[in-house]
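**Q** how does the following fold in three dimensions:
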Amino acid sequence: LMPELGKQKALDQYISGEFSQTPEEFLPAESSKGGSLGVDVALDVIDDSLSYIRGKLGEIRMNSNDENNSIFLTPEQEEKKLNQLRRDLEQRRKALLLKEVERKKIAAAEKAKEEKEKRADEKLKSEERVELKKIIAKAAKGEKVDIQINSDPVMESKPEEKGRLANALSSASEGAMVGIQSAVSSAWQSVVSKGKTKDEEEWIVVCPKTRVSPGEVYPVVAGGLDLLIIGSKDGTKIHCITNSCSHLGTPLETGIIERRPCPKRTGPKRPSNSLSTDDITRESINDGCQDCIVCPLHRTAFALDTGEVVGEWCPYPPFLGNMMGTVKKRNDLTTFQMRTRGKNIEIK
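**A** Below is the predicted model:
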């Protein structure tokens, strides 16, 4: 196409007056460059060029079999294609709507079936409860109870209901036996508890003896109290303290166990509530220090033996901790008396 387009451009330039002579492209082969060309010959050349271009474009359209390529579609073909796409989309939309309606119908039918079965089951259970109440009432009065499940025509026609009622009766009898055993057990416990002293009733079990390892902090809840069962680092003692700092009530279970120097005393020594492990394989450390638990918030140290404050009250953070310490006066930690009974540790 390029040579033909070149001829078209040369002709336009000749007609517009840019060239005084006929362009070389329109001269016959036997003509010279300086020759003159008539108007008829020029028009014939233009017609030939346009015919050649039309022919080439027609070949391109005829050779293109790709109807989806919009470059080679006529406006009529494009409109036809768009209309077909619209029809396809509308059909798909209608199919999806029909499918959704069908799904909702099936779901509604299944829900109605489940509700019907549920109501029937509740009605059957209610009837069973009424029947059981009648039987239990007769048995309580000492009357003879005659259970004839097989004589009921309804039960004969529905073996699953007959089995369900039989299971219910069996469960009722088992429940009655359990209730009787529970009553006897409660009566026995009341008789046994009468023989206990007031001191015996104050002791409660907190954990097994083997549960606490040396240096371990074990949180428990006993008697409605949050407690900490702590093993000494040397493994010779077990301590029980409240799991709450005496300053602001901060939980102490995340506090660290440290050995700190024992304070010098001028008065009588405070008694210890700790429990000895009686482990002959371990020996207590006599270094003038004692095991203490340190509050994780303001780092106040409490002696595990007595619960006394060891060192400074609320030393952390500097300055601010001392100011916070003025909110509540220096106060010792609560400890609990301990003993062993069998495999368990008890506190008072």
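
**Q** CA atoms for contacts and neighbours, from now on please.
**A** Noted.

**Q** tell me the buried residues in stretch 241-257?
**A** Neighbour-count burial for stretch 241-257 flags 241-247, 250-253, 255-257 (criterion: 16 or more other C-alpha atoms under 10 Å).

**Q** could you do stretch 331-342 as well?
**A** So for stretch 331-342, counting by 16+ other C-alpha under 10 Å, buried means Asp332, Leu333, Thr334, Thr335, Phe336, Met338, Arg339.

**Q** average pLDDT for that stretch, rounded please.
**A** In this model, stretch 331-342 has a mean pLDDT of 91.

**Q** residues making contact with it?
**A** Here stretch 331-342 makes contact (C-alpha atoms under 8 Å, 6 or more residues apart in numbering) with 209, 239-242, 245-247, 273-275, 302, 304-309, 345-348.

**Q** try 6 Å this time
**A** 240-242, 246, 273, 275, 307-309, 345-348 (C-alpha atoms under 6 Å, 6 or more residues apart in numbering).

**Q** just the CA atoms of it, as PDB, please.
**A** Output in PDB follows, covering the C-alpha atoms of stretch 331-342 (Å, rounded to 0.1, in the frame of the first residue of the first chain):
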ATOM      1  CA  ASN A 331       1.700  -3.600 106.500                       C
ATOM      2  CA  ASP A 332       2.800  -7.300 106.700                       C
ATOM      3  CA  LEU A 333       1.500 -10.100 104.500                       C
ATOM      4  CA  THR A 334      -1.000 -12.700 105.800                       C
ATOM      5  CA  THR A 335       0.400 -16.200 106.300                       C
ATOM      6  CA  PHE A 336      -1.400 -19.500 107.100                       C
ATOM      7  CA  GLN A 337      -0.700 -22.300 109.500                       C
ATOM      8  CA  MET A 338       0.000 -25.600 107.600                       C
ATOM      9  CA  ARG A 339       0.000 -29.300 108.300                       C
ATOM     10  CA  THR A 340       0.100 -32.600 106.400                       C
ATOM     11  CA  ARG A 341      -2.700 -35.200 106.500                       C
ATOM     12  CA  GLY A 342      -2.000 -38.400 104.400                       C
END
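
**Q** ok so, going back, tell me which two of the buried residues of stretch 241-257 sit farthest apart.
**A** Put simply, by C-alpha to C-alpha the two of the buried residues of stretch 241-257 set farthest apart are His247 and Ile257, 18.2 Å from each other.

**Q** which residues are in contact with Ser213?
**A** Gly231 are the contacts of Ser213 under C-alpha under 6 Å, 6+ apart.

**Q** pLDDT score for it?
**A** So Ser213 comes in at 88 (pLDDT).

**Q** let me know the helix or strand that His45 is in.
**A** That one is not His; residue 45 is Val. helix 39-63 (DSSP states H and E).

**Q** enumerate residues external to that helix that contact any of its residues.
**A** Taking C-alpha under 6 Å, 6+ apart as the rule, helix 39-63 contacts Glu4.

**Q** show me which residues of that helix are buried.
**A** Within helix 39-63, judged by 16+ other C-alpha under 10 Å, the buried ones are Val45, Ile46, Ser49.

**Q** contacts for the helix or strand containing His239?
**A** Element membership of His239 [criterion: DSSP H and E] is strand 237-242. Strand 237-242 has contacts (C-alpha under 6 Å, 6+ apart) with Leu227, Leu228, Ile229, Ile230, Gly231, Ser274, Leu275, Ser276, Thr277, Thr334, Thr335, Phe336.

**Q** now for the residues you listed: which two are most distant?
**A** Thr277 and Thr334 (21.0 Å).

**Q** what's the closest non-adjacent residue to Thr306?
**A** Ser272 (5.2 Å; C-alpha to C-alpha, 6 or more residues apart in numbering).

**Q** same check on Glu346?
**A** Counting by C-alpha to C-alpha, 6+ apart, the residue nearest Glu346 is Val205, at 4.3 Å.

**Q** same check on Thr210?
**A** Going by C-alpha to C-alpha, 6+ apart, Thr210 has Lys343 as its nearest residue, at 8.0 Å.

**Q** now swap in Pro317 and tell me
**A** Using C-alpha to C-alpha, 6+ apart, the closest residue to Pro317 is His298 (6.7 Å).
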